[in-house]
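Participant: sequence first, predicted model second:
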Amino acid sequence: MGNKDPIARTTGGVPRQGKVSADVAAFVSKVAAVARPDAAQDGRLLFALDATMSRQPTWDLACSLQAEMFKAIPKEAALQVQLLYFRGFGECRASKWVADASDLARLMTGIDCRGGNTQIGKVFAHARTEHGKRRINAVVYVGDAIEESVDELAEKAGQLGLFNCPIFLFQEGRDSRVEAAFRDFARLTEGAYARFDAYAPQELAALLRAVAAYASGGRDLLKVQGSGPAQALLAQLPR
């Protein structure tokens, strides 16, 4: 799209929202109703996205759904989110930590997608650095490709696992190599993997709410029964 200063843009390319499956909707409503246990600090979630050119539709989708991450958090709880994205020729940037959906929306709508290769290694390295400063309760990564050494990425994911920093990886598309790698990264960090369809945005919204609830209150906030995509994601978490 060419170099230009970040400006707010519309999300007209977002697919029309479909009806979320009843079981996912019921699950998320139960999550939102569960009281969060006392915590000394706010939960922290690192929200990382591939912002290369092929990701434009998903970036628009994420812009429209980012507020969903805050909806599963009870009023007495709090969640801080940091946006991390990569694009172009070696560009990888992180925002400040924010605790409000509108602040995150302003950050996201000021960014456009550009051509470039994946930089997942930088995402994992940044997560480790931030986690060393103060615990990150969950990392969310959304992407569809890997153009780096899977073995090197697995080593970095394993380091995050040693520091109890789980990664939740959401894949768009059906590249089997990407799926195998994403599942391995999730296993190494005791996180979880899920595939999503950009044309079923409410399914992704439900998953984002579930991960945000986990980041805010841990498994105690998710001790409810359900089925569908959200339950399949949460079933991968360690007991």
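Facilitator: Nice, I can see it.

Participant: quick check: closest non-adjacent residue to Glu152.
Facilitator: If you skip the residues right next to it in sequence, Glu152 has Gly121 as its closest partner in space, 6.5 Å away by CB to CB, 6 or more residues apart in numbering. The C-beta positions use only the backbone N, C-alpha and C, and glycine is treated the same way.

Participant: which of the helices or strands spans that neighbour?
Facilitator: Gly121 belongs to helix 120-133 when assigned by DSSP states H and E.

Participant: next secondary structure element downstream of that helix?
Facilitator: In N-to-C order, the element after helix 120-133 by DSSP H and E is strand 138-143.

Participant: what helices or strands is that next one leaning on?
Facilitator: Of the remaining helices and strands, those touching strand 138-143 by 3 or more CB pairs under 8 Å, 6 or more residues apart in numbering; DSSP states H and E are strand 43-50, helix 120-133, strand 167-172, helix 201-217.

Participant: what are the phi and psi values for Gln236?
Facilitator: The phi/psi pair for Gln236 (degrees, to the nearest 10) reads phi -80, psi -20.

Participant: nearest residue to it other than its sequence neighbours?
Facilitator: Nearest one to Gln236, counting by CB to CB, 6+ apart, is Ala192 at 3.9 Å.

Participant: the closest residue to Gly132 other than its chain neighbours: how many residues sit nearby?
Facilitator: Using CB to CB, 6+ apart and skipping the chain neighbours, the partner closest in space to Gly132 is Phe163 (7.7 Å). For Phe163, the neighbour count with other CB atoms under 10 Å is 13.

Participant: which residues does Phe163 contact?
Facilitator: By CB atoms under 8 Å, 6 or more residues apart in numbering, the contact list for Phe163 reads Arg128, His131, Gly132.

Participant: repeat for Val123
Facilitator: By CB under 8 Å, 6+ apart, the neighbours of Val123 are Ala48, Leu84, Phe86, Cys92, Val139, Tyr141.

Participant: let's see that with 6 Å instead.
Facilitator: Val123 makes contact with Ala48 under the criterion CB atoms under 6 Å, 6 or more residues apart in numbering.

Participant: that one and Glu91, how far apart?
Facilitator: Applying CB to CB, to the nearest Å, the value for Val123 to Glu91 is 13 Å.
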